[in-house]
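In: Give me coordinates for this.
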Amino acid sequence: MEINVLIEEGLIVKTEVDWLQSVMEKTLLAENIPTNIEISLVITGQEQIRELNREYRGKDRPTDVLSFALQENKEGGEAEAFIGPPDGLLHLGEIIISHPQAEIQALERKHSIKKELAILIIHGILHILGYDHEQKEMGPAMAAREKEILALLGKDIL
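Out: This is a model prediction of the structure:
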């Protein structure tokens, strides 16, 4: 698996890149995703995520996580690559997390920043894989799967 992590320049993030990659890898493995994939995670600030949220979702406010899939879902729900990857890696997409928003939510929910980041990573990956909580019938299944994967990660990672 190729898991790329980029942290916005000047942003203070105390969580280790290795830890972020580990959460992503374990989430992908829990979803039985083959190991010949590439996925990216960007940790950013409120202004950058606000701009992206406005541009891509039409919502002019910060959000916690955005996902950009590089796959199309066919009618049967099976993902299909836009273009066959010359490097042999299936490029899944990119997850963007607002670190300041994650900190706010961790305080509100009375848990660690690591747990909040793990929740947002899981949420973002599930979106890339085709889950959509905004579809009424899929919302409960997505929430349940998020909890299952979080439990699989175990207390030692959080």
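In: Now do the helices in the chain.
Out: 17-30, 46-57, 99-109, 113-128, 139-153 (DSSP state H).
In: Spatially nearest residue to the residue nearest the centre of the chain (excluding sequence neighbours)?
Out: The residue lying closest to the centre of the chain (Cα atoms, centre = their mean) is residue 124, at 2.6 Å. Spatial nearest neighbour of residue 124, excluding adjacent residues (Cβ to Cβ, 6 or more residues apart in numbering): residue 95 at 3.5 Å. (Glycine included, C-beta is placed from N, CA and C.)
In: Next, the contact list for the one you found, please.
Out: Taking Cβ atoms under 8 Å, 6 or more residues apart in numbering, we find residue 95 in contact with 39-42, 65-68, 120-121, 124-125, 128.
In: Nearest to residue 1, out of these: which one, please.
Out: Relative to residue 1, the closest of the contacts of residue 95 is residue 39; by Cβ to Cβ it sits at 7.7 Å.
In: And the closest one, how close does it get to residue 3?
Out: 6 Å (Cβ to Cβ, to the nearest Å).
In: worst-scoring helix or strand of the protein, pLDDT-wise?
Out: Lowest mean confidence among the helices and strands of the chain (mean pLDDT, DSSP states H and E): strand 79-81, at a mean of 47.
In: Low-confidence stretches in the protein?
Out: Judged by pLDDT under 70, the chain has its weakly predicted residues at 71-87, 156-158.
In: Cool, thanks, signing off.
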